[in-house]
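Need the 3D shape of this:
(2 chains)
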Amino acid sequence: MLFNLAIKNLIGAGMRTWLNVFVTAVSFFMIIFISGMYDGMRSHAKQVTIDTEVAGGAYWHPQYDPLDPFSYEDSHGIPPEEIRDLIKNEKAFSILVSQASIYPSGRMMPVTMKGIEPEQSIINLPTRSLLKETDGLIPVLMGNSMANYTKLKVGDSFAIRWLDANRTYDADEGLIVYIMETENFKVDMGTIWIPLERAQTMLDMKNEATYITFAKNISTVQEKGNWIYRDVDYLMRDMEAMIAADEPNARIMYAILLALAGMGIFNSQILSIFRRRKEIGTLMAIGMTRSRVVGLFTLEGGMNAFFALIMTLVLGGPVFIYFSMYGIPLPIDYTEMGLIMAKRLIPVYTMGLFVSTTLFISFVVLVLSYLPSRRIAKMKPTDALRGKVV
Amino acid sequence: MSNNSVVNITNLLKQFPVGGDYFTALSDINLNLENAEFMGLVGPSGSGKTTLLNIIGGLDSPTKGNVNVLGMELGSSSHNERANLRKTKMGFIFQSYNLLPVYTVFENVELPLILNKVETQERNRLVTQAVDWVGLSDKIDSRPAQLSGGECQRTAIARAIVHKPTLILADEPTANLDAENSHHIMNIMVRLNKELDTSFIFATHDEKIMAYLRRIIHLEDGQIVKDEHFDNPKSGKN
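Presented below is the predicted three-dimensional model:
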């Protein structure tokens, strides 16, 4: 009975119903849209890090500490045989890390110089550009943020100074062979990439490496010597920590969005219910009990949320699909701020996001329908009939 | 109180709190209404007509005294029991019609039957019959906004009678209507009273209505000052 009455009331109220539904649908849309962007941003950051840096994991030289540049001097060695086999089978590649200084336009700048196997295809860096003929100069690959910072462009040359294995300073001239567009600031800012063999020669560290990155889905080697196995979880822990640190912000943003949505829904529901005081009085006069009146209005609120969900899917669905396919262009380059963020952000809309938002908004609508109708139903029917203000 | 009694009120007192004091709306009311009576509560504004009507309808509660309506003692009954009494045995007609604006004439009239859980087919039959009674068959799919004042009140009457209640309470049912519509409405109600033996209590100060009443209770300052009976009131004729 209540269901039929609720349907009649909602359909019969025409524009008023659709305005309420629209307000709720906008709330649904905004929460899903913005949460999707946020999830997309985090998912993208993870994906880019794996794609351009982490791959399937790594074996580190026991002395290597990426957060301590002074450890670079000692963190190099010839990898164990089993790891070398992986490299030989192109399932892994070596990176040799050292400190260096570059002198672009006469300025001195400390950098991390990384030697990398140019023909690797395990991480998504344009390392093949390092194969370019440079007439004896050191071919250098760097990211666009680094290039902007140093004001270097392809074809520019500059001095590079380093400390070799014998603790002797040496220097030579590098040539920018490629400037890569990358969103991962960790392979960009403060880093120059040179061919592995050239790095080994320059540093007098023949066949040596600082760490070995291996492809995804490679099982761990048995004989890794004293080299340390680092899985993806370990290598991503900084990123995960950043995301975890950002979690309260995400929650606050979600709460703000919900509060805004709640206020919109509250306004429309309150307005809708309080302007129907006389109707509530009439229903009580013809014999509807208070609990049924409350049930009817709460049910109407629930249906409002249901219609809003349908409206969100029908009107917002194509928008969600479009953006999840083509992304949203961001107005500025956030990588310069040290954030791993795409220039075109692809939002991620998960089923969990849809379900949790739907449940939460429906709950809010139900509560916001229940409370005012309960208050009105508590009025004396004579007051409700007169449309008296509660 | 006779077996035929529809309403029996003894020593009724009704007070409303006003500021820190009480305003006495009704006092020392003793009244008995027999089945199929056609009675009016008449008096100037503020005399307590609507308050008494609301108490009889179980929409308001007495401060003191006994109010027995259709066998139920309202003072000791619960909200749900009173709602159930209104749902099954009473009909209400209001001055401002109180039709639900989003419902059609059919749906407004159907509402008491839905509350009484009457089967769909029976509902359709009873609604059609009630709408026919008040002469609104051609407006059955119209909404209140598309009706005149008289048509709205006829819809409200159809809603009040559709479940064939024993008692109908009408609060100033003709106050918003012109003379022609007022007579038309009253003729319908006189006919209902005769054919269905439905008891009517009107709250009114409209003289057009008084001409149809067989009993008039005069109220002044919350007290019954006169109880008049008429053998030959205007009945079913314009």
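
Only C-alpha atoms from now on, for both contacts and neighbour counts.
Will do.

Just give me the longest helix of chain B.
In chain B, taking DSSP state H as the definition, the longest helix is helix B:179-196.

Outside of that one itself, list whatever touches it.
Residues outside helix B:179-196 that contact it (Cα atoms under 8 Å, 6 or more residues apart in numbering or on different chains) are B:36-38, B:133-134, B:150, B:153-154, B:164, B:174, B:198-200, B:208-209, B:212, B:235-238.

what is the mean pLDDT for stretch A:366-374?
What stretch A:366-374 shows for mean pLDDT is 83.

Show me how far it is from its chain's centre.
37 Å (Cα atoms, centre = their mean, to the nearest Å).

which parts of it are buried?
A:Leu366, A:Val367, A:Leu368, A:Ser369, A:Tyr370, A:Pro372, A:Ser373, A:Arg374 (16 or more other Cα atoms under 10 Å in any protein chain shown).

I figured A:Thr213 hits A:His61, correct?
No - look at A:Thr213 against A:His61 with Cα atoms under 8 Å: they stay out of range, at 11.5 Å.

sorry, back to before: can you flag the buried ones in the contacts of helix B:179-196?
Of the contacts of helix B:179-196, these count as buried by 16+ other Cα under 10 Å: B:36-38, B:133-134, B:150, B:153-154, B:164, B:174, B:198-200, B:209, B:212, B:235-236.

Which secondary structure element is home to the residue of chain B found nearest chain A?
Closest to chain A within chain B is B:Lys87: 4.0 Å, counting by Cα to the nearest Cα. For B:Lys87, the enclosing helix or strand under DSSP states H and E is helix B:79-89.

Low-confidence ranges, chain B, go.
The model of chain B has pLDDT under 70 over residues B:1-3, B:234-238.

Would you mind measuring from the single nearest residue of the stretch 51-200 of chain A relative to chain B to A:His44?
In the stretch 51-200 of chain A, the residue that lies nearest chain B is A:Glu183 (57.1 Å; Cα to the nearest Cα). The gap separating A:Glu183 from A:His44 is 10 Å, by Cα to Cα, to the nearest Å.

And these two? Which one has more around it.
A:Glu183 (26 against 20; other Cα atoms under 10 Å in any protein chain shown).

Give me the buried positions along the helix or strand that contains A:Val23.
Using DSSP H and E, A:Val23 falls within helix A:15-49. For helix A:15-49, a neighbour-count test (16+ other Cα under 10 Å) marks A:17-18, A:20-46, A:48-49 as buried.

anything in that helix sitting right up against chain B?
No - contact of helix A:15-49 with chain B is not found when judged by Cα under 8 Å from any Cα of the partner chain; the minimum separation is 10.7 Å.

same question for that helix, mean pLDDT?
84.

What residues of stretch B:73-92 count as buried?
B:73-75, B:81-92.

those strands in the chain, which residues are they?
If you meant another chain, say so; for now it's chain A. Listed in chain order, the strands of chain A (DSSP state E) span A:57-60, A:92-103, A:109-116, A:138-143, A:157-163, A:169-180, A:191-195, A:211-214, A:228-230, A:328-329, A:344-345.

switch to chain B, that's the one I care about
Under DSSP E, chain B gives strands at B:5-18, B:21-34, B:38-42, B:64-69, B:72-73, B:90-93, B:167-171, B:199-204, B:215-220, B:223-229.

Just want the angle from the fourth one to strand B:167-171.
If you take axes from the mean of the first three to the mean of the last three Cα atoms, to 10 degrees, strand B:64-69 sits at 120 degrees to strand B:167-171.

What are the contacting residues of strand B:64-69?
For strand B:64-69, using Cα under 8 Å, 6+ apart, the contacting residues are B:6-14, B:55-56, B:73-75.

Which of these sits closest to B:Glu110?
Proximity to B:Glu110 was ranked across the contacts of strand B:64-69 by Cα to Cα; first place goes to B:Ile56, at 23.9 Å.

And for the closest one, nearest residue in space, chain neighbours not counted?
B:Val69 (6.7 Å; Cα to Cα, 6 or more residues apart in numbering or on different chains).

got the angle between the helix holding B:Lys87 and strand B:167-171?
100 degrees.

counting contacts, what elements does helix B:79-89 pack onto?
helix A:277-285 (3 or more Cα pairs under 8 Å, 6 or more residues apart in numbering or on different chains; DSSP states H and E).

which other helices and strands contact the helix holding A:Val23?
Checked by 3+ Cα pairs under 8 Å, 6+ apart, helix A:15-49 has helix A:237-274, helix A:290-311, strand A:344-345, helix A:351-377 packed alongside it.

Is the first one in proximity to chain B?
Okay, so that is helix A:237-274. No - against chain B, helix A:237-274 shows no contacts by Cα under 8 Å from any Cα, the least distance being 13.1 Å.

Show me what that helix is packed up against.
Packed next to helix A:237-274, using 3+ Cα pairs under 8 Å, 6+ apart, are helix A:15-49, helix A:351-377.

I'd like those laid out as JSON lines, including distance to A:Ile116.
Formatted as JSON lines, these follow (distance: least, Cα to Cα, whole Å):
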{"stretch": "helix A:15-49", "distance to A:Ile116": "17"}
{"stretch": "helix A:351-377", "distance to A:Ile116": "40"}
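
quick one: which of the ones you listed is nearest A:Thr201?
helix A:15-49 (29.0 Å).

can you give me the angle the closest one makes with helix A:290-311?
Helix A:15-49 runs at 50 degrees relative to helix A:290-311, counting by the same axes, to 10 degrees.

gap between helix A:15-49 and the chain center?
Per Cα atoms, centre = their mean, the displacement of helix A:15-49 from the mean C-alpha position of its chain is 15 Å.

isn't B:Ala36 right up against B:Ile201?
No - under the criterion of Cα under 8 Å, B:Ala36 is not in contact with B:Ile201, lying 10.1 Å apart.

which residues sit in contact with residue 79?
You didn't pick a chain, so chain A it is. A:Glu208, A:Ala209, A:Lys224, A:Trp227.

Chain B is the one I meant
A:Thr289.

For it, give its distance to A:Gly287.
10 Å.

residues of stretch A:236-251 that come out buried?
A:Met236, A:Met239, A:Ile243, A:Ala250.

so who does the first one touch?
With contacts defined as Cα under 8 Å, 6+ apart, A:Met236 is in contact with A:Lys46, A:Thr49, A:Val54.
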